[in-house]
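In: Here is my input; please provide its structure:
(chains A and B)
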Amino acid sequence: MSATWLPCGTYHESYAQDHAWWQTTFIKGKMILLFITVFIVIPAVADDYWLSVCNQIGYTILGALGVQLLIGYCGQITLGHAAFIAVGAYTSTLLILEFPWPQFMLNMGLAYPISILIAAVVAGIWSVLFGLPSAKVKGFYLILTTMAAQFITVDFILTQYVSQIGGRGQAFSLPPGTIKIGPWSIENDIQVYFMMLVLVVLCVAAMANLMRTRVGRAWVAIRDNDISAEVMGINVVLYKLLAFFVAGFIGGIAGAFWISNLAAISTEHFTWFLSLWLVGVILIGGVGSLHGAIFGSIFMVMVMEILQLAIMPLADTFPKLLMDFLFIKEAAFGLAICAFMIFEPNGLAYRWWQIKNYFNLWPFSY
Amino acid sequence: MELFWMTMTTGIMVGGIYALVALGWVLIYKCSGVLNLAMGEMTLIGAYVTLSFYSMGVPFLLALLFSLIIGFLLGILTERIFLDRLIGEPVLTVIMVTVGLSFFFKGCVELIWGTDTRVFDPPVFSIEPLHIGPLVIGKVYLWSFLAAIVLLVIFVAFFKYTRWGLAMQATADDEMAALSLGVSARFVYATAWAIAFMAAGVGGTLLGNINGLNISVSYLGLLVLPVVVLGGLNSVPGAIVGGIIIGLLQNFCGAYLDKYFPGGVKEIAPFAFMAVFLLFKPYGLWGWERIERV
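Out: Predicted structure coming up:
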């Protein structure tokens, strides 16, 4: 997918214009409208249910960004991303609960922001650890090592050992008031929503800019052909590990953010299903594009919610349906992936690109 | 010492089942190059079909036969509907289709048969253990092992001596040459999926006899991955040896390491082993090494 074509009559007179993110007035207007919508309109009109759906979407976007970086930009297929999200979530939780914070830091609400940063770094390092085999193997074999990361981290280390810290049993719960950023304590859906928005905007902007630097281009070169990339003087191992670090970093942020929404943190939230779900999201959205991660997240979460809304009224007549919804969801997810892979392998982002070009070039699309 | 021998026999016997399922996986990979992550759900379907027939009063062997037939049909259908369109697509696409299939199958199995553990009732094999010298072996294990070995021999013989099997071998060896000699590649792919479905079904049935049948039997499908990595992705003898080694490894870890690392060592050990093994010998014991050029 190359860049979008500009409409007829758009000329650039300086490099700054050529490099600008928003190149035409129309795009500027569109983006401002988008920001107004997500920052003002949605919080104003949405009720708690739809806000929680939005939070779900934001969490999926944050998780999918890391997967998109690894699979879509660096070509390192991972099926164990939930492990790094879990590491982020657990690090942040444990820091908040167990670390002896000085009172003034608690008063200033610094504990949670600092724990997010540390969680991101820890998750990044953990991800590099399991990215090490990528120096030697690739393709299917790398998939297997990332799967091993998932089982070793979540099903073994976190479930058997980390969950025992502090003697709380299986799940950690955060007492209200502990999750606090500065003067604001994050308690209800709308506060989580704003925090999610800030994090998503920051992470997407960071990723988009990263892709325009030497690092991002090196990743793309490795994805397209790693031997050629090496010949051109790119340190393949270093950049692959860097990709794992950044992906783990964003995963850690996602995990640390999500604890603000979870009542109790347990390993059930970070199963292998989540890893596969995130890969499915970027495949449906479109591999190798940030739009893809966002569209995929919105599409998948919305489809599941709509499925639920459609099934709920039927539940009165067929009470069994309510119980079976989880299974229907699973089967629908599986079918959706198969259908997209077979009929729409370029994903939703490709369609979006086509539509944009159609209108930009209209009426003479040749 | 008794524990050692007990663990050893159990490991080998369970390993036989792993070998059978791994054989199905290797056949698919060898013939069509599809890396299949839906193996576990295929074992589930086969096992539940057998169970349904068995609880309707059909004798066990006949139930198994029906399940084989249904597995054969489902395998061909799956290949025709989903995998046939993906020939020549990138690895990730094909793998994710099999992941999608695994979710679809799993959802269907849960919808149809529920999530409760079900057992073969009345038990197919008597609980009375068998005494061979100092060894005590559960009859279930012994029969499962024997059944797995018999089926392995049948499948390998089919692969080696029949016309269809030879066509499959030719396609696996050099697809272009096989096509020009009049072998139908699509037929071969369908057969490979059918055989894999059948092998998985029998493996699932046997495992369901040992521990009772629920969704967690599909863990077998993940366990197949360490097995094939150990043996080499496209090696039939590798799958058999790898299956038995992983069975042994799993049971020994369960018996001896559980004291030091309480919890699921038994479930994790094959994967940890696989991750380390990949670092040193990524093409397995007998797999073909891929030489890559720009």
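In: okay, CA-based contacts and neighbour counts for the rest of this
Out: Will do.
In: List the contacts of residue A:224.
Out: Residue A:224 sits next to residue A:75 when contact means CA atoms under 8 Å, 6 or more residues apart in numbering or on different chains.
In: so what pLDDT did it get?
Out: pLDDT recorded at residue A:224 is 90.
In: And it, how far from chain B?
Out: 11 Å (CA to the nearest CA, to the nearest Å).
In: What separation is there between that residue and residue A:230?
Out: Distance from residue A:224 to residue A:230, counting by CA to CA, to the nearest Å: 11 Å.
In: Wait, residue A:54 touches residue A:195, no?
Out: No - using CA atoms under 8 Å, residue A:54 is not in contact with residue A:195; the gap is 11.7 Å.
In: okay, the two: which has more neighbours?
Out: Per other CA atoms under 10 Å in any protein chain shown, whichever of residue A:54 and residue A:195 has more neighbours is residue A:54, with 25 against 17.
In: For that one, identify the helix or strand it belongs to.
Out: Residue A:54 belongs to helix A:48-67 when assigned by DSSP states H and E.
In: and that helix, which residues are buried?
Out: Of all the residues in helix A:48-67, those buried under the rule 16 or more other CA atoms under 10 Å in any protein chain shown are A:51-67.
In: can you check stretch B:278-291 too?
Out: If you call a residue buried by 16+ other CA under 10 Å, then stretch B:278-291 has these buried ones: B:278, B:279, B:281, B:282, B:283, B:284, B:285, B:286, B:287.
In: Read off the pLDDT value for residue A:208.
Out: 92.
In: quick check, it in a helix?
Out: Yes - assessed with DSSP: H, G, I helix; E, B strand; the rest coil, residue A:208 lies in a helix.
In: Would you confirm that it contacts residue A:290?
Out: Yes - with contact defined as CA under 8 Å, residue A:208 reaches residue A:290; the gap is 7.4 Å.
In: Pick out whichever of the two has more residues nearby.
Out: residue A:290 (25 against 15).
In: Now do that one against residue B:204, distance only.
Out: Counting by CA to CA, the gap from residue A:290 to residue B:204 is 41 Å.
In: What count of nearby residues applies to residue 128?
Out: All of this is about chain A. Using other CA under 10 Å: residue A:128 sits among 21 other residues.
In: right idea, wrong chain: chain B
Out: Residues near residue B:128, counting by other CA under 10 Å, number 11.
In: which stretches of the stretch 251-366 of chain A have low pLDDT?
Out: A:365-366 (pLDDT under 70).
In: and it, which residues reach chain B?
Out: Within the stretch 251-366 of chain A, the positions near chain B by CA under 8 Å from any CA of the partner chain are A:276, A:280, A:324, A:327-338, A:341-342, A:345.
In: In helices, which of these fall?
Out: Judged by DSSP state H, these include A:276, A:280, A:324, A:327-338, A:341-342 as members of helices.
In: Can you say which of those residues are buried?
Out: Here, 16+ other CA under 10 Å leaves A:276, A:280, A:327-338, A:341-342 buried among these.
In: which of these sit farthest apart?
Out: Within these, A:327 and A:342 form the most distant pair, 22.7 Å apart (CA to CA).
In: Going by residue numbers, what spans are helices in the stretch 251-366 of chain A?
Out: Assignment of helices within the stretch 251-366 of chain A using DSSP state H, counting those that start in this stretch yields the ranges A:272-285, A:290-315, A:319-343, A:347-361.
In: Check the gap between residue A:217 and residue A:224 for me.
Out: Taking CA to CA as the measure, residue A:217 falls 11 Å from residue A:224.
In: same deal with residue A:77?
Out: According to CA to CA, residue A:77 and residue A:224 sit 13 Å apart.
In: same thing with residue A:76?
Out: 11 Å.
In: check contacts around residue B:123.
Out: Residues near residue B:123 by CA under 8 Å, 6+ apart: residue B:209.
In: quick check, it in a strand?
Out: No - counting by three-state DSSP, residue B:123 is not found in a strand; it is coil.
In: Could you check the pLDDT of it?
Out: 75.
In: For it, what are phi and psi?
Out: Backbone torsions of residue B:123, given as degrees, to the nearest 10, read phi -60, psi 140.
In: ok, now the one 4 residues further on?
Out: Here is the backbone geometry of residue B:127 (degrees, to the nearest 10): phi -80, psi -30.
In: and the helices of the stretch 251-366 of chain A as JSON lines, adding distance to residue B:209?
Out: Below are the helices of the stretch 251-366 of chain A laid out as JSON lines (distance: least, CA to CA, whole Å):
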{"stretch": "helix A:272-285", "distance to residue B:209": "27"}
{"stretch": "helix A:290-315", "distance to residue B:209": "35"}
{"stretch": "helix A:319-343", "distance to residue B:209": "25"}
{"stretch": "helix A:347-361", "distance to residue B:209": "43"}
